[in-house]
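1. here is a sequence with its predicted model. Questions after.
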Amino acid sequence: MPSLSRPIVAISPFETPDVAVVRAACRAGALGVLDVGRDPARARAAIADLASFGEDAVGLRVPDAAVLDGVALPPCVGAIVVDAGAPLARWREAGLTVLVQVTSVAEAQAAAAAGADGLIAKGAESGGRVGEETSLVLLQALAGAATLPVWVQGGVGLHTAAACIAG
């Protein structure tokens, strides 16, 4: 499970399948995650570019699983990032590490029950679908309630990074 051993997960921004961002993240030691977006043609082209990564483990963020219908994933893809509530069976059956973006303790508990391998806490400072609490407050709540590894998305700066590690 490649993603669980990396302390930083870097997702290409704005639901844009930007392979250059993923490559740079991997070079820096993070788990580079390609957000495949919602355009099947762009997603397929970007996933084809991932084949050049060789054995480097990368991830895909999948906002809509239908975008990947009929797409064969290259061997370098070892992890999937999905929204809370998304079905996990397809990815679990493929042997991929599944990380679920959650905005509350209730979503985290549901993700754990569904078979997630890890959680990404999305606080109010993050983009897209977010929770009401800040990322640091959500992390603290998850640390007390979750048994899975947790990463934080959004709201982490120089002064809160150490607090996140402590949390």
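-> It's in.
2. distance of Val77 relative to Ala30?
-> Per C-beta to C-beta, to the nearest Å, Val77 is found 15 Å from Ala30. The way it works is simple: take the backbone N, C-alpha and C, and place the C-beta from them, glycine included.
3. lowest-scoring secondary structure element of this protein by mean pLDDT?
-> helix 158-166 (a mean of 67; mean pLDDT, DSSP states H and E).
4. Val77 and Ala30 - which one has more neighbours?
-> Each of Val77 and Ala30 has its neighbours counted (other C-beta atoms under 10 Å); Val77 has more, 22 against 17.
5. who's the more buried one bridged to?
-> Beta bridges link Val77 to Val58, judged by DSSP bridges.
6. give the contact list for it.
-> 47, 50, 57-60, 96 (C-beta atoms under 8 Å, 6 or more residues apart in numbering).
7. distance between stretch 13-26 and the chain's centre?
-> 12 Å (C-alpha atoms, centre = their mean, to the nearest Å).
8. for Pro149, which non-adjacent residue is closest in space?
-> Gly118 (4.3 Å; C-beta to C-beta, 6 or more residues apart in numbering).
9. quick check on the one you found: phi, psi?
-> With angles defined as degrees, to the nearest 10, Gly118 sits at phi -160, psi 170.
10. quick one: the helices in the chain?
-> 19-27, 40-50, 89-93, 105-114, 135-145, 158-166 (DSSP state H).
11. how about residues contacting the third one?
-> Outside of helix 89-93, the residues within contact range by C-beta under 8 Å, 6+ apart are 65, 80, 82, 98, 115.
12. same check on the first one?
-> The contact list for helix 19-27 (C-beta under 8 Å, 6+ apart) reads 8, 10, 12-13, 31-34, 46, 49-50, 53, 56, 58.
13. state the mean pLDDT of it.
-> When pLDDT is averaged along helix 19-27, the result is 92.
14. please identify the buried residues of that helix?
-> Residues 19, 21-23, 25-26 are the ones in helix 19-27 that count as buried (16 or more other C-beta atoms under 10 Å).
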